[in-house]
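K.L.:
Give me a model of this one.
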Amino acid sequence: MTRAHKIFIRTHKRDSAFVYAVLEAHEGLVAYTTLPHQHHAQTRELELLVPESSLSELDAVLESLGSMVEVLDHSPSRS
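P.N.:
This is a model prediction of the structure:
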């Protein structure tokens, strides 16, 4: 059985479409979902599910996104 890791990231709303496209371009690397947010929120928080064997590749992708993505230490609050 393959173990999956959850990683939470935050990106500015204006960059979210690009981040989604980059994640989708790396087909099979990660599954992601946008977490619930308020309509006027200027950021989007995503939950990524990545197989353990792909963690280093995902790290490289997130690093290449540079200032567009903030990796969160834990699950964001859902208030």
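K.L.:
Show me the strands in the protein, by range?
P.N.:
Assigned strands in the chain, in chain order: 4-12, 31-34, 43-51, 69-72 (criterion: DSSP state E).
K.L.:
Hmm, residue 10 and residue 19 touching each other?
P.N.:
No. The criterion here is CB atoms under 8 Å, and residue 19 misses it with residue 10 at 10.1 Å. For every residue, glycine as well, the C-beta is placed using N, CA and C.
K.L.:
ranking the strands of the chain by burial, who's on top?
P.N.:
Of all those, strand 43-51 carries the top mean neighbour count, a mean of 17, counting by mean count of other CB atoms under 10 Å.
K.L.:
Name the residues of the lengthiest helix in the chain that come out as buried.
P.N.:
Longest helix of the chain, by residue count under DSSP state H: helix 13-25. Burial within helix 13-25, assessed by neighbour count using 16 or more other CB atoms under 10 Å, is assigned to 15, 16, 19, 22, 23.
K.L.:
Including distance to residue 53 and pLDDT, could these go into a markdown table?
P.N.:
Listed next are the buried residues of helix 13-25 as a markdown table, based on distance: CB to CB, whole Å; pLDDT from 0 to 100:
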| residue | distance to residue 53 | pLDDT |
| --- | --- | --- |
| 15 | 28 | 95 |
| 16 | 27 | 95 |
| 19 | 22 | 96 |
| 22 | 20 | 96 |
| 23 | 17 | 96 |
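K.L.:
Thanks again, I'm all set now.
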